[in-house]
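*Asks:* Sequence and predicted structure below; questions after.
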Amino acid sequence: MEWQAEQKYFKRMIGKKVAWTISQPEDGLIRAGYPLYDQEVLDFVRRFKESPLYDRKYRKTLRHYHVRPKMTAVTVSQVLLINNLKAASAMLSLIIDGEDVERGTWAAAMQDGYVYHLLEIVDADSDKVAE
């Protein structure tokens, strides 16, 4: 499975802010909004979740590599250093599922370059498997 188009998109998104909705009703209460993801992000998430790369047991996989199953600069860096398909797929799966738990997970992962760098590993290792 090739991810070059997605890599290009996520490379462009490094450092860019994702727009959020703002709800400020007349009663003075400001409610938390939600990120406004474009169709490319939504298509990537759908495609990745339908692919064999999506790891439903990502927590177990990450622990196998002695990586805490949490999206932080430290844990993503650990996965990047491990530099293999299984660990990178597990971290991408964690990021994708993380949006259901905490709004803005995808936005942060795109802005910090996590999705791009993890896809580099996934795409490179996918090529090796195909050879």
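*Replies:* On my side now, so go ahead. The structure presented is a predicted model; accordingly, all values stated were derived computationally and were not measured.
*Asks:* Against residue 65, how distant is residue 107?
*Replies:* As defined by C-beta to C-beta, to the nearest Å, residue 107 lies at a distance of 26 Å from residue 65. From N, CA and C alone the C-beta is placed, and that goes for glycine too.
*Asks:* of these two, who's got more company?
*Replies:* Here residue 107 and residue 65 are set side by side on neighbour count (other C-beta atoms under 10 Å), and the busier one is residue 107, at 21 against 15.
*Asks:* Skip the chain neighbours and tell me the closest residue to that one.
*Replies:* On the basis of C-beta to C-beta, 6 or more residues apart in numbering, the spatially nearest residue to residue 107 that is not a chain neighbour turns out to be residue 18, at 3.8 Å.
*Asks:* That neighbour should be in a strand, yeah?
*Replies:* No: residue state for residue 18 (DSSP: H, G, I helix; E, B strand; the rest coil) corresponds to coil; a strand is not indicated.
*Asks:* so what's it up against?
*Replies:* Taking C-beta atoms under 8 Å, 6 or more residues apart in numbering as the contact definition, residue 18 lies against 35, 36, 37, 104, 106, 107, 110, 111.
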